[in-house]
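Trainee: kindly return the folded structure for what I paste below:
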Amino acid sequence: MSLRNTLRDKMLTVWVGDPWYGASSKAIHADISAAEASARPIVGVQNIWETTLHMVAWTEEAASRVRGNAAREPERGDWPPIPDTTTQLWHETIAQLGAARQELLDALEKVHEEDLFTQVPRAQGSEEPRITRAQTASGLLEHDIYHLGQIALLKKVLRVTV
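Mentor: Residues are numbered from 1 along each chain as shown. So this is what the prediction gives:
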């Protein structure tokens with residue numbers, strides 16, 4: 001199996017499949033309401049909505065890097081603000097996450113297999129470590145799994161009955 005196919009299959013497993021370690025992103029996000037997503041059950045900790053927007057931002061940035069652009073902070077910012085807490089905007093946030101993921105899958109599909117081993121250029125003055133496009137895509141999955149664990153935990157905290 002090619003590296004591209006391996007990365008794509010792992011992404012799809014984490015995002016919509018049946019990962020061995022627990023639930024996929026689709027399953028975790030599926031029944032979260034806008035009220036739950038915007039709630040802050042733990043003071044000083046990002047909520048579900050903030051974390052999801054953070055995931056959108058970094059998925060978009062990972063796609064940019066896979067396409068050959070220099071490493072930089074996401075265009076939306078590291079932790080984009082929640083625009084408002086309506087149900088419609090929560091559904092739009094989830095749709096943005098799906099669109100960003102499709103953008104990354106498309107970038108992987110279009111890049112030559114050998115270019116996956118090319119290091120992502122650094123932005124001028126950046127001290128970021130030099131990693132390849134493939135390591136960027138793989139690292140994004142690790143990032144997602146980390147934040148999906150946080151979201152799952154926040155969801156449980158919000159649904160605990162006393």
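Trainee: what's stretch 123-132 in contact with?
Mentor: 70-72, 116-120, 122, 139 (C-beta atoms under 8 Å, 6 or more residues apart in numbering). To be clear about C-beta, it is placed using only N, CA and C from the backbone, and glycine gets the same treatment.
Trainee: helices along the chain, start to end?
Mentor: Applying DSSP state H to the chain gives helices spanning 3-16, 25-29, 34-38, 48-66, 87-110, 133-159.
Trainee: and those: which comes nearest residue 76?
Mentor: helix 48-66 (4.2 Å; C-beta to C-beta).
Trainee: out of the helices of the chain, deepest packed?
Mentor: Ranked by mean neighbour count under mean count of other C-beta atoms under 10 Å, the helices of the chain are led by helix 48-66, which reaches a mean of 23.
Trainee: mind checking how far residue 10 is from residue 44?
Mentor: Going from residue 10 to residue 44 by C-beta to C-beta, to the nearest Å gives 32 Å.
Trainee: actually residue 4, not the one I wrote
Mentor: 40 Å.
Trainee: swap in residue 150?
Mentor: 13 Å.
Trainee: try residue 152
Mentor: Distance, residue 152 to residue 44, by C-beta to C-beta: 19 Å.
Trainee: residue 98: which of the contacts of stretch 123-132 is nearest?
Mentor: Proximity of those to residue 98 (C-beta to C-beta) peaks at residue 139, which lies at 20.0 Å.
Trainee: how many residues are close by the nearest residue to the closest one once chain neighbours are set aside?
Mentor: Using C-beta to C-beta, 6 or more residues apart in numbering and skipping the chain neighbours, the partner closest in space to residue 139 is residue 131 (7.0 Å). Using other C-beta atoms under 10 Å, residue 131 is surrounded by 14 other residues.
Trainee: let me see the backbone angles for residue 131.
Mentor: phi -130, psi 160 (degrees, to the nearest 10).
Trainee: nearest to the spatial middle of the protein, which residue is it?
Mentor: The residue lying closest to the centre of the chain (C-alpha atoms, centre = their mean) is residue 55, at 3.4 Å.
Trainee: distance of the nearest residue to that one once chain neighbours are set aside relative to residue 27?
Mentor: Spatially, and ignoring its direct neighbours in sequence, residue 55 is nearest to residue 147 (5.5 Å; C-beta to C-beta, 6+ apart). Separation of residue 147 from residue 27 (C-beta to C-beta): 15 Å.
Trainee: one more: residue 65?
Mentor: 28 Å.
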